[in-house]
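# Provided below for reference: sequence and predicted model.
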Amino acid sequence: MSKRGTRKRTINKFGNVSKWGTTFSGSFPSERRTRTSGWSTIARTRQVVSKEKPISGNARIDKTGWRNPTQFRAYVIQQIAGPAFDYTVTKANGVDFTQHRGAQGFLPDSVVTFTTGVSGAGYFPRTSLNLANRATTECLNKLKDGVGSLAETIAEINQTIGLMTETIFEMYDIAALVMRRGRPGRIKNRFLRSKRKHQNLDWEFFRKKASERWLEVHYGWYPLVGDLIAYMNAIQNGLPKLRTSAVRNLSENHGLPSNTGNSDPYFFSVTGEVKSGCKVRADAKIVSPGIALLDSLELINPFQLGWALLPYSFVIDWLIPISNVMKALTVSAGLELLGVSTTKWTKCDLKVRWTLFDGASLKGEPITAQLKSLSTYRTASKSWPWPALYMKSPFNTTRLVTAIALLMQLK
């Protein structure tokens, strides 16, 4: 029997976890004894897997290749049992002790729980509102800047084609001159002889020409090729149908859980990370390139200009970028929104080492377990989102240097 086309299933001692809609708990038995008592059985019940896809949108692709963004929500949470453990904790008097052992580790019922990497009863991502606001506002401004650049490209396409044509004819003249003089190898030999006589002069000449060509490629040809591609799209689709899009993807780290109380779990340590993110994508159709270009030149939005003229407004922008919010207010100028989607997600990967019982000293292998989860939630809309205020974290090198510069300006 052929195995082609079959999917490998993930199975642990509790069953198959590869299917959506899988949710179950498991029992983790262990044994305990003390100086004054023999072995007794302890059983702890923990959630093991929860894998759901509550929302799964479906949209058809139209004749132009466009598909409307759809809503989507899913999460996968799994506790991975650790290896067998056997540890002994001894009280401060050095006499009383508790020994605890089990066939596999499990998570504690506090500090690190099954829902550490998600938010609420619905297991939603933990993405902060501040990060979502920033991603939305910066995506709108990115779309606005792209439209302005595209409109400027269309307006200056004659100059673009003229510059490329001039360069092409120059290259043709050089090639024709080489071929008329006969063998191209003679030019190479002449250059080498000249290099031996005037090595420094030739090297300076070569270095200068190489730097010129490098700048020409990176700051001339690359933008020109991009301009031509944008112009060809405009010719193919027509200006009223020309589409543009922007994507802003941001992430943030959450602090690791810590045990600050005097209860279970004891001898607690955790490694790994809990990370969230937000991705915003906006797609639009240019209906008026002229208006879009005027807006990109800040000639339509009076709020943005007024904020820029306020004394020391840049100081406030360093922490709360109000200018970005002002700029995004007129993003719809000259555009028709096709769709916007916001995707929030949280990824959790933690390894926990802990003990169920307390003591002044610990010997042996404590309880270990892993928690892995991924929660994602995408919303979609055909209405322009409203830009919102957000704060930027000052705790990085670039922001610190900027802060010093701002303080020097104020001084």
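Nice, thanks for sending it over. Residues are numbered from 1 along each chain as shown.
# any chance you could map the helices in this protein?
129-155, 157-180, 185-197, 199-216, 222-237, 289-296, 302-309, 313-319, 322-328, 397-410 (DSSP state H).
# where in this protein is pLDDT low?
Within the chain, the segments meeting pLDDT under 70 span 1-18, 63-65, 147-241, 260-263, 289-290, 292-299, 303-309, 312-315, 318, 393-411.
# swap the cut-off to 80 and go again
1-18, 59-67, 146-242, 260-264, 288-320, 392-411 (pLDDT under 80).
# how many neighbours does the residue nearest to T330 when sequence neighbours are not counted have?
The shortest distance from T330 to any non-neighbouring residue, by C-beta to C-beta, 6 or more residues apart in numbering, is to N301 (4.4 Å). For the C-beta atoms, the positions are set from N, CA and C on the backbone; glycine is no exception. N301 is flanked by 19 other residues according to other C-beta atoms under 10 Å.
# so how far is T127 from N301?
The gap separating N301 from T127 is 29 Å, by C-beta to C-beta, to the nearest Å.
# show me which residues of stretch 341-360 are buried.
341-348, 350-357, 359 (16 or more other C-beta atoms under 10 Å).
# how about stretch 376-394?
Of the residues in stretch 376-394, 376-380, 384-385, 387, 390, 392 count as buried by neighbour count, 16+ other C-beta under 10 Å.
# these: which two are farthest apart?
Spatial extent of those (C-beta to C-beta) is set by the pair A380 and K392 at 27.1 Å.
# in contact with the residue nearest to T330, which residues?
By C-beta atoms under 8 Å, 6 or more residues apart in numbering, the contact set of N301 is 295, 326-327, 329-330.
# and it, how far from K392?
In terms of C-beta to C-beta, N301 sits 22 Å off from K392.
# hang on, the earlier thing: now the buried residues of stretch 376-394 as CSV including distance to H100?
Below are the buried residues of stretch 376-394 laid out as CSV (distance: C-beta to C-beta, whole Å):
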residue, distance to H100
T376, 38
Y377, 39
R378, 44
T379, 46
A380, 50
W384, 59
P385, 53
P387, 55
Y390, 47
K392, 47
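# and which of those residues is nearest K285?
Distances from K285 to the buried residues of stretch 376-394, taken by C-beta to C-beta, are shortest for W384, at 12.9 Å.
# my read: that closest one touches L337, true?
Yes: using C-beta atoms under 8 Å, W384 is in contact with L337, at 5.4 Å.
# now do the same contact list for Y75.
50-52, 118, 123-124, 373-376.
# which two of these have the greatest separation?
Distances among these were taken as C-beta to C-beta; the most separated pair is K51 and F124, at 15.1 Å.
# thinking again about what came up before, wait, which of the contacts of Y75 is closest to I291?
With C-beta to C-beta as the yardstick, the closest approach to I291 among the contacts of Y75 comes from T376, at 36.4 Å.
# can you name the residues bridging to the closest one?
T376 has the following beta-bridge partners by DSSP bridges: A74, W345.
# show me the contacts for it.
Residues in contact with T376 (C-beta under 8 Å, 6+ apart) are 72-75, 125, 343-345.
# ok, S50 next?
S50 neighbours (C-beta under 8 Å, 6+ apart): 22-23, 75-77, 114, 123.
# report the beta-bridge partner residues of it.
Residues in beta-bridge contact with S50 (DSSP bridges): T23, I77.
# ok, now how distant is it from L374?
12 Å.
# what do these two both touch?
Common neighbours of S50 and L374 (C-beta under 8 Å, 6+ apart) are 75-76.
# mind checking which of the contacts of S50 are buried?
Members of the contacts of S50 classed as buried by 16+ other C-beta under 10 Å are 22, 75-77, 114, 123.
# and T41, bridged to which residues?
Residues in a beta bridge with T41, per DSSP bridges, are E31.
# give me the neighbour count for it.
If you count neighbours by other C-beta under 10 Å, T41 ends up with 8.
# return the residues in contact with it.
29-31.
# just checking, T113 touches Q79?
No: counting by C-beta under 8 Å, T113 stays clear of Q79, with 9.6 Å between them.
# who has more neighbours, these two?
More neighbours surround Q79 than the other of T113 and Q79, with 26 against 15 (other C-beta under 10 Å).
# I'd say the more buried one and Q47 touch.
Yes: counting by C-beta under 8 Å, Q47 is a contact partner of Q79 at 6.6 Å.
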